[in-house]
Structure formats: C-alpha cells, structure tokens
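> Structural data only, the sequence is not supplied:
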C-alpha cells in the first residue's frame, strides 16, 4: 500500500480552514499556510542541511506548531522525526538521544542546557526554536519548497516514539506510515470524526496519544486541532465550554477536571466525543461527566500498536463503563492462557495484537523486538476478560498482578473500588512480601483537598466490600503518585520510594 501526503490533500480541499490554533497565544494557521511552511521547512532540511533519507530529526519542546510542521516536513524530506520527552532527567534524555543519534535537535529555549548535555560528544546540529536565525529561518530563508511527499510504502519509517518507561527502560517504537494511516482510519471510524471538527489536544506530542489520538486523524479530514502547550485544567474547561467537539485524555486528566472548582458550573455545548485511555479507568470519571449529559468512552491501545485498537461506543460505555468495547477497523486481537493457547469465546487471558497496526519493532533492540512480537502477534502484557457480548475488559498488567494466599489479586480491581470512595483523589495498589500470605496488598492513596484518610478506617471499608485476600493489608497516604507523561502510575518508582525509604508520619505510615 502506498501512502500519500494527506496534509497537502487537506490544503487542496480546505485551504482557508484553520488547521491549528495555539490556545495560549491565539495564533492560527490555515491549511494553505501550514502546507507552505511544511514545504519550505522540508526544502531546508533536504537542500540546505543536506540530511540524508533515514536521518533522525529530534525536537525537545512542549507542545507547539513546530512538532506537526516537522512531522510533515520529515515525511516530505524522507527523514524520521523523534519527539523527545522534555520531562526526563538529563541522564534519561541522554540515553535516548544517544540511542537514536539525531542529525539535528531542535529545542525550546528552556531546554537549551538539556539539549547541549544530551548531545555532548555527538555529531548533531543544535537549533533553537526561539532564535530568529534558528527554526524560523528554515522557513523564512528557504529558496524553494517540497510541494508534496512522494508516495511512501506502508512499511517506511515515519517517526520514533519512545515508550514512557514504566519499567525504567524506554524503547524507541518504530512507527511506520502504514501504522499511522491505518490508525487514523480506525480513529475516524470509531470516533466518527467529521470534516471541520474542532479537537482539543491536551497530551504531549512526544506521546502517541498526543499525535495519533486524534491530532493526525483530524488533520486528515481538514479539521482544527487546538494545541494546548501544557495541560491546565482551568484553561481546558474554558475551551471545552466553547467550540470543542472532541477530546482524548488519560484518566488522570479527567479526574483533575472533575475535581476542579470550575467543573460544577461548566457547560459543554458542542462536545460529542470524549475518549479516555492509557491507564485503568476509574468509574468515577464516567459518573462525573454523566452529570453533564456526556459519556466518556473508554478506549485501548499502545505505542507499539495503533494506538486505536479498542474504542467503546457511547451505548456500551454507558452500560459497561469499565469495558473498552470491541476491536475496531484493521486490528486483530486474541486472548491466550499461560501456556500460549488461544481462548475462544468468554474468558480471561493475556491480550495479544496483530495486523497492520503493529510496529515492526524497537529501534536498535532486536532482542526486545523478538521477545515482544512472535509470529506477528504482539504480547501486550495486559490481562483482559471477554464477556458474552464479545466486549473486552482490561483487568490489569500481568506484571502488576500478585498472589496472596494462592489467590490472584489484580490491583486495578482494588484501585477502582478505592476511586469510588468519596475522600480519595488517587489510588494505586502494589504487592509486597508477607511472611504468612506470600504477598499482600499495599494501597497508596492521595486524599482529596480538606479530607483526612485514616488507614484503619479505609481497610475496614475495604473488608465490607472486597474479598478478604483483596483487602490491602497496608495503607500509605501520600501527597501525589509518580506518573509517566501518559498518566500511568510508575509502580516501580512507588516500590522504590515506599519499600526502601522510611516515610515520615506526615506522609503516611506503613500500617
């Protein structure tokens, strides 16, 4: 399959329609202007800097127009874009930069020191977004333009997206033109995206959710992407109350919005598509937005596949708020037991994925690729249940499950119960060693503002509603949970923090 330049097509069909708007500055670019800028930047990358096909172009910046301009410019110049996570520590960033070896790193002024440190000893050009002779000069001084991308094969590499690293080791996921295109089609179908839709992007562009849900599909249809430089709940609620039609976010963002003082009075006149994914979905999210007459539809995907694999429709989301629905579009799925045998019909097992949505592998990680993808099937590491209707429920991560007294405990199930309690803002459960039961649960919770959580009282409530082996034996109250940029709780960091350091009474006591 050959992939054509859909930005150029959108510019042909809708030249004066707004393609992107910066929510902070109010700056707007219509499709004709965006198309011209992309063409001139592509010319500069190819002709002025003489970068060769397959060279990597990295960007270290918070959300802005430059990410999307560079993405399409790289497509036209035959280059590979690497959006870098600006939240990483210097050592982590350096590890990723040395892994992908970019020929050019474009950085936001605030990250100049990090960019210099990360590229030390490398043959890499550094360019500032804020320097008039830097990024803007690529467009302004270009002597020509690359009018459109030559049709690309579906297995050609378009970008490297480094995983959040919840296990501590980020890997560069190779995203091809075919993956991005098929995901866009899956998203257009499941999200019922229409030409002219206004989408609010609140996720970072170094994350697959920021680019592929729904930014690139909306640009394919000639819609408008509102770019939020950095998530701010008050700004987000204000814009949702105006012209926004759709938004995709992780559970932590929806919970922040629902707990914000402006939420109670907010009205959302044009919203018709709210999607959530990226982490286990507490029922409290759906309940909060239901008071506004809105259904938040759970979805499922991962950087290595799609990420649009499952997307629950509004009817299913209302009836089964914890289900991610059925697979969409070109995604192939199966559940397998511990011996690798496929489970047909209802049952519980590891979710595996296949089809054109799956990555060819990890950059420079042949062994990791072979471990994750066998015979075309990607092992997700997620435990899923299929019910009588064929709907899928993501129960937990295989690595997070622990065994207490011979019984399997899935932390997400306990976390969902904790989220339903009125005083809890955030919750995470991990397994810890126990001399009697082998392992028991440790609940780490964050209280809502003005609420005091008593560990003994919390465990008593759990005993009234959960099986004994699921009840957390220990409770710790903390100020915040460590999260990746995609909103997932970094449980490996929780274990390090809680099991190797002595906490003060103010932060909570291991009980």
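Happy to help now that I have it. All values reported here derive from a predicted model rather than from experimental measurement.

> Surely residue 113 forms part of a strand?
No - Residue 113 is assigned helix when assessed by DSSP: H, G, I helix; E, B strand; the rest coil, not a strand.

> for the longest helix along the chain, packing partners?
Using DSSP state H, we find that the single longest helix of the chain is helix 177-191. Judged by 3 or more CB pairs under 8 Å, 6 or more residues apart in numbering; DSSP states H and E, helix 177-191 is in contact with strand 2-3, strand 152-153, strand 157-162, helix 208-212, helix 215-221, strand 305-311. Every residue, glycine included, has its C-beta placed from N, CA and C.

> JSON lines for these, including mean pLDDT?
Formatted as JSON lines, those follow (pLDDT from 0 to 100):
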{"stretch": "strand 2-3", "mean pLDDT": "94"}
{"stretch": "strand 152-153", "mean pLDDT": "96"}
{"stretch": "strand 157-162", "mean pLDDT": "97"}
{"stretch": "helix 208-212", "mean pLDDT": "94"}
{"stretch": "helix 215-221", "mean pLDDT": "96"}
{"stretch": "strand 305-311", "mean pLDDT": "92"}
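
> Out of these, which is the most enclosed?
Across the helices and strands packed on helix 177-191, averaging neighbours per residue (mean count of other CB atoms under 10 Å) puts strand 305-311 on top, at a mean of 29.

> Identify all contacting residues around the following helix or strand past that one.
Moving toward the C-terminus from strand 305-311, the next helix or strand (DSSP states H and E) is helix 314-319. Residues outside helix 314-319 that contact it (CB atoms under 8 Å, 6 or more residues apart in numbering): 286, 290, 295-298, 323, 325, 391.

> same thing but at 6 Å, please
295, 297, 325 (CB atoms under 6 Å, 6 or more residues apart in numbering).

> Same question for stretch 152-172.
So stretch 152-172 is contacted by 1, 3, 80-82, 96, 100, 173-178, 180, 208, 303, 362-363, 365, 484, 486, 488, 490, 492 (CB under 6 Å, 6+ apart).

> Just the buried ones out of those residues, please.
Using 16 or more other CB atoms under 10 Å as the burial test, the contacts of stretch 152-172 include 3, 80-82, 96, 100, 173-178, 180, 208, 303, 362-363, 365, 484, 486, 488, 490 as buried.

> gap between residue 125 and residue 363?
Residue 125 sits 20 Å away from residue 363, going by CB to CB, to the nearest Å.

> before we move on, back to that, residue 462 is nearest to which of the helices and strands packed on helix 177-191?
strand 305-311 (29.6 Å; CB to CB).

> Would you mind getting the angle between the closest one and helix 177-191?
Going by axes from the mean of the first three to the mean of the last three CA atoms, to 10 degrees, strand 305-311 is angled at 20 degrees with respect to helix 177-191.

> Could you number the chain from 42 rather than 1 from now on?
Yep, numbering from 42; the last one is strand 346-352 now.

> what's strand 346-352 in contact with?
224, 227-228, 231, 249, 253, 340-342, 365-366, 368-369, 372, 394, 398-399, 419, 433.

> Is residue 117 in contact with residue 84, as I believe?
No - between residue 117 and residue 84 there is no contact under CB atoms under 6 Å: 8.5 Å.

> for the residue sitting nearest the centre point of the chain, what are its contacts?
When CA atoms, centre = their mean is applied to the chain, the residue found nearest the centroid is residue 250 (3.7 Å). Residue 250 makes contacts with 244, 319, as judged by CB under 6 Å, 6+ apart.

> re the thing from before, let me have the helices and strands packed on helix 218-232 in JSON lines, extended by distance to residue 106.
As requested, the helices and strands packed on helix 218-232 are exported to JSON lines (distance: least, CB to CB, whole Å):
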{"stretch": "strand 43-44", "distance to residue 106": "23"}
{"stretch": "strand 193-194", "distance to residue 106": "23"}
{"stretch": "strand 198-203", "distance to residue 106": "17"}
{"stretch": "helix 249-253", "distance to residue 106": "13"}
{"stretch": "helix 256-262", "distance to residue 106": "12"}
{"stretch": "strand 346-352", "distance to residue 106": "23"}
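
> closest to residue 272 out of these?
With CB to CB as the criterion, residue 272 lies closest to helix 249-253 of the helices and strands packed on helix 218-232, at 10.5 Å.

> In this protein, where is pLDDT below threshold?
Flagging of the chain using pLDDT under 70 yields the residue ranges 205-209, 526-527, 540-552.

> Go again with 80.
Within the chain, the segments meeting pLDDT under 80 span 205-210, 320-322, 446-449, 476-477, 525-529, 537-552.

> partner strands of the strand or helix carrying residue 288, parallel or antiparallel?
Assigned by DSSP H and E, residue 288 falls within strand 287-290. Looking at strand 287-290 with DSSP bridges, its partner strands are strand 239-242 (parallel), strand 314-317 (parallel).

> any idea how far the nearest residue to residue 52 once chain neighbours are set aside is from residue 110?
Among residues not flanking residue 52 along the chain, residue 76 sits closest, at 3.7 Å (CB to CB, 6 or more residues apart in numbering). Taken as CB to CB, the spacing of residue 76 relative to residue 110 amounts to 10 Å.

> now residue 69
14 Å.

> between the two, who's got more neighbours?
Higher neighbour count among residue 69 and residue 110: residue 110, with 23 against 15, using other CB atoms under 10 Å.

> okay, the angle between the helix or strand hosting the more buried one and helix 218-232?
Assigned by DSSP H and E, residue 110 falls within helix 106-118. Between helix 106-118 and helix 218-232, the angle comes out at 130 degrees (the same axes, to 10 degrees).

> what sits up against helix 106-118?
Residues external to helix 106-118 that are found in contact with it (CB under 6 Å, 6+ apart): 48, 61, 78-79, 82-83, 86-87, 98, 100, 122, 170, 187, 190, 246.
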